[in-house]
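Novice: Here is my input, please return the structure:
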Amino acid sequence: MPSRATGYVALRSERATDHYIDDPEISARTFRGGYVFPGDRGYLDDQGRLHLLGRSDIINIGGSKVDRLEVERVIRDALPVTDVVVIEGRRAGSPAIRAVIEGDPAVITRASVIAACRARLSGYKVPAQVQVVKKFERDANGKVLRSFFDGLTPDEPLPDEPNAPDGRNN
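Specialist: The predicted model follows:
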């Protein structure tokens, strides 16, 4: 990788474990080809020193790590959603899980999302905030523009919420 190019950190060590106990899905994503992919993004400087930029898909909730992809998968599997994006939100000033769901607001309710997550996830992984929107913004290939959601401050209204900063309403 060229110097200063941002990428995902991969580690290799004879002492590294090769799986998580009782979690084959996350193990398959984390341990591949003799490398450990901890989920960090970073770059190497001109002297070969690693600079960490942050986690790729992990949200820290009171010291507990939440894999946003796991929460997204649970919601996607349990409910008739078109798509879902999990970002960091806020509850009483502290970090919390915020699920933004593309789907029919008449069918998908906050209560149904919370119930589905409570049945399948540990309590700290259950979204504190749920927002259902009719359509996500997507790129030319149809991929969700996750950067739109990641660029929101946790307490900022989404574009189709009342009093949204840009005044749009889907």
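Novice: lowest-confidence helix or strand of this protein?
Specialist: Here the helix or strand of the chain ranked lowest by mean pLDDT, DSSP states H and E is helix 146-150, holding a mean of 67.
Novice: Can you give the domain ranges for the protein?
Specialist: Following automatic domain parsing, one finds the domains of the chain at 7-55, 58-150.
Novice: Of those domains, which shows the lowest average pLDDT?
Specialist: Looking at the domains of the chain, the lowest mean pLDDT belongs to domain 7-55 (a mean of 84).
Novice: tell me how far that one is from the chain's mean position?
Specialist: 17 Å (C-alpha atoms, centre = their mean, to the nearest Å).
Novice: again with stretch 105-112
Specialist: 20 Å.
Novice: next one: stretch 64-72
Specialist: 6 Å.
Novice: For it, which residues meet the burial criterion?
Specialist: 66-72 (16 or more other C-beta atoms under 10 Å). (Glycine included, C-beta is placed from N, CA and C.)
Novice: can you check stretch 29-36 too?
Specialist: 29-31, 36.
Novice: Need the contact partners of it.
Specialist: 10-13, 16-20, 37-39, 69 (C-beta atoms under 8 Å, 6 or more residues apart in numbering).
Novice: one more time with 6 Å
Specialist: 10-12, 16, 18-19, 37 (C-beta atoms under 6 Å, 6 or more residues apart in numbering).
Novice: Which members of the residues you listed are the farthest-apart pair?
Specialist: Pairwise distances across those peak at 16.2 Å for A10 and H19 (criterion: C-beta to C-beta).
Novice: Distance check, the residue most central in space within the chain against F149.
Specialist: The residue lying closest to the centre of the chain (C-alpha atoms, centre = their mean) is R68, at 3.2 Å. Using C-beta to C-beta, to the nearest Å, R68 is found at 10 Å from F149.
Novice: re the thing from before, can you list which of the buried residues of stretch 29-36 are found in helices?
Specialist: Among the buried residues of stretch 29-36, the residues falling in helices (DSSP state H) are 29-30.
Novice: Check the secondary structure at the residue with the largest distance to the centre of the chain for me.
Specialist: For the chain, the largest distance from the centre (C-alpha atoms, centre = their mean) belongs to Q47, which lies 32.0 Å off. With DSSP: H, G, I helix; E, B strand; the rest coil as the basis, Q47 sits in coil.
Novice: For it, give its distance to S94.
Specialist: Applying C-beta to C-beta, the value for Q47 to S94 is 38 Å.
Novice: do D45 as well
Specialist: For D45 relative to S94 (C-beta to C-beta), the value is 34 Å.
Novice: before we move on, what about D40?
Specialist: Taking C-beta to C-beta, one finds D40 at 23 Å from S94.
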